[in-house]
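> sequence below, structure please.
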Amino acid sequence: MISNYKINEATKVVTVTYESKDYTLPPNNQDGVIVALPENDCEGRVLLQIKAEEDAIVYAAQAYARNRANEYPSIGDQLDMIYHNGDGGATFQAAIKAVKDKYPKE
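Sure, this is the predicted structure:
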């Protein structure tokens, strides 16, 4: 629930408290007129802001996975390594290990 709804009259920026944390919400532009966000719209905007912050944290935490995906040999090359070296083969194992070592899970 939103509390402590305050408007900066000069900038029309709204400050609210949601679950004991303060949030700053930018104003709306309605046909070229800058207006403060109405109090009844604040909770939805705060929830969107929280979701965006959570998504950014998850995205940053998965950097190693994106880096690995870009560096692994193609599936075709991996299958060639397995085929030409027998049961999984040292070449295949070394190629995968090199990428995992370069981008360790943190």
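> what residue ranges in the protein score low on pLDDT?
86-88 (pLDDT under 70).
> residue 42 looks like it's in a strand, true?
No: assessed with DSSP: H, G, I helix; E, B strand; the rest coil, residue 42 is helix; it does not lie in a strand.
> verify the stated contact: it with residue 25.
Yes: assessed by Cβ atoms under 8 Å, residue 42 is found in contact with residue 25 at 6.2 Å. Every C-beta, even on glycine, is put in place using the N, C-alpha and C of the backbone.
> give me the common contacts of those two.
When contacts are counted by Cβ atoms under 8 Å, 6 or more residues apart in numbering, residue 42 and residue 25 have 14, 16 as shared neighbours.
> skipping adjacent residues, who's closest to residue 92 in space?
Excluding its sequence neighbours, the residue lying closest to residue 92 (Cβ to Cβ, 6 or more residues apart in numbering) is residue 81, at 3.8 Å.
> that neighbour is in what secondary structure piece?
Counting by DSSP states H and E, the element that carries residue 81 is helix 75-85.
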